[in-house]
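[1] attaching a predicted model along with its sequence, questions to come.
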Amino acid sequence: MNENLSAFDLLEGDHNGTGLRRLQEALLAMKEPVRQKMDAGLSTEEFSVAQRVLLAVETGGEAAARLHDKMAG
C-alpha cells in the first residue's frame, strides 16, 4: 500500500471496493510476520504481546469494513 495514502483516502468514495481490498491486504501483510514469530516460538510475555497485536490488526480490519460501508454508501 502506498505510504502516502491513509485509510480514509482509500475508503472515501470506494464504491467498487478496490481501496478496501488494498487496506485488507496491508493488514494481512502486518499479520503474517507476527504469526510466523508466534509459530517459531515466543516467551509467554512475547506471545501475549503478539496476541494483542493480532487483535489490534483484526479490529482495524473490522473498523475499515464498517467505515467503508458508511463512506461508499
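    In hand now; what should we look at?

[2] residue nearest the centroid of the chain?
    When Cα atoms, centre = their mean is applied to the chain, the residue found nearest the centroid is residue 27 (2.6 Å).

[3] ok, that residue to residue 38 distance?
    When distance is defined by Cβ to Cβ, to the nearest Å, residue 27 is 17 Å away from residue 38. (C-beta placed from N, C-alpha, C; glycine too.)

[4] list the contacts of the residue nearest to the centre of the chain.
    By Cβ atoms under 8 Å, 6 or more residues apart in numbering, residue 27 lies in contact with 57, 60-61, 64.

[5] near residue 11, how many other residues are there?
    Using other Cβ atoms under 10 Å, residue 11 is surrounded by 21 other residues.

[6] before we move on, what about residue 42?
    When neighbours are defined as other Cβ under 10 Å, residue 42 has 15 of them.

[7] looking at it, it is touching residue 50, isn't it?
    Yes: checked against Cβ atoms under 8 Å, the pair residue 42 and residue 50 is within contact range at 6.1 Å.

[8] list the buried residues for the least confident helix or strand in the chain by mean pLDDT?
    Across the helices and strands of the chain, mean pLDDT, DSSP states H and E gives its lowest value to helix 7-11, namely a mean of 85. Within helix 7-11, the residues that qualify as buried by neighbour count (16 or more other Cβ atoms under 10 Å) are 7, 10-11.

[9] for those, give me a markdown table that also has distance to residue 23.
    Putting the buried residues of helix 7-11 into a markdown table (distance: Cβ to Cβ, whole Å) gives the following:
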| residue | distance to residue 23 |
| --- | --- |
| 7 | 6 |
| 10 | 5 |
| 11 | 7 |
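
[10] where does this protein dip in pLDDT?
    1-4, 73 (pLDDT under 70).

[11] can you map out the helices along the chain?
    Ranges of helices within the chain are 7-11, 18-40, 44-72, based on DSSP state H.

[12] list the contacts for the nearest residue to residue 38 once chain neighbours are set aside?
    Nearest residue to residue 38, sequence neighbours excluded (Cβ to Cβ, 6 or more residues apart in numbering): residue 50, at 5.1 Å. Contacts here follow Cβ under 8 Å, 6+ apart; on that basis residue 50 touches 34, 37-38, 42.
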